[in-house]
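Q: fold the stuff below for me.
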Amino acid sequence: MGVVGERVEVAVQDERARAMEALTGTAPGGAGPVVVRAPMPGLVVRVEVADGQRVDAGAGLVVVEAMKMENELRAPRAGVVQTVHVAVGQPVEKGMPLVTLASPEPSG
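A: Numbers count the residues shown, from 1 in each chain. Next up is the predicted model:
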């Protein structure tokens, strides 16, 4: 892209990737643990993973009911569930940690 004769690089990020980064605090492809947080206050109605479980990017982790709607929170990247921080029936507040994902161990 050029701006008045100068070359400027820009990165375009889709809305889903931006939202996942906002919820986890980490870009989906980044290294290190990712904490998936509650996007709003609600009630945990389903926990779909367990500690130590391998998950693919996009796999369902936790379902939070808010304002009579179920919101399934999905893994922003592949990894291993390090910690499930919530249980079914537990109320959560916006920003509360739900699941921590560790980077997948390299296969080899």
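Q: I'd say residue 52 and residue 80 touch.
A: Yes. In this structure, residue 52 sits in contact with residue 80. The criterion is CB atoms under 8 Å, and the distance is 6.6 Å. Quick note: C-beta positions are derived from backbone N, CA and C, even for glycine.
Q: between the two ends of stretch 70-82, how far is it?
A: In stretch 70-82, first residue to last residue: 24 Å (CA to CA, to the nearest Å).
Q: tell me where this protein has helices.
A: Secondary structure of the chain (DSSP state H): helices located at 15-24.
Q: report the helix or strand with the lowest average pLDDT across it.
A: Taking mean pLDDT, DSSP states H and E as the measure, the helix or strand of the chain with the lowest value is strand 2-3, at a mean of 56.
Q: returning to that earlier point: the more surrounded of residue 52 and residue 80?
A: Neighbours were tallied for residue 52 and for residue 80 using other CB atoms under 10 Å; the higher tally belongs to residue 80 (17 against 11).
Q: partner residues bridging the more buried one?
A: In this entry, residue 80 is beta-bridged to residue 54, residue 102, by DSSP bridges.
Q: next, find the distance separating it from residue 40.
A: For residue 80, the distance to residue 40 (CB to CB, to the nearest Å) stands at 26 Å.
Q: contacting residues for residue 53?
A: Listed by CB atoms under 8 Å, 6 or more residues apart in numbering, the contact set of residue 53 reads 80-81.
Q: local confidence estimate at it?
A: Confidence per residue is given as pLDDT, and for residue 53 that number is 97.
Q: same check on the one 4 residues further on?
A: Per-residue confidence for residue 57 comes out at a pLDDT of 94.
Q: distance check, it against residue 86.
A: If you go by CB to CB, the gap between residue 57 and residue 86 works out to 21 Å.
Q: for these two, indicate the residue with more neighbours.
A: residue 86 (19 against 13).
Q: you'd agree residue 100 is up against residue 32?
A: No. Here residue 100 lies out of contact with residue 32, judged by CB under 8 Å, at a distance of 10.5 Å.
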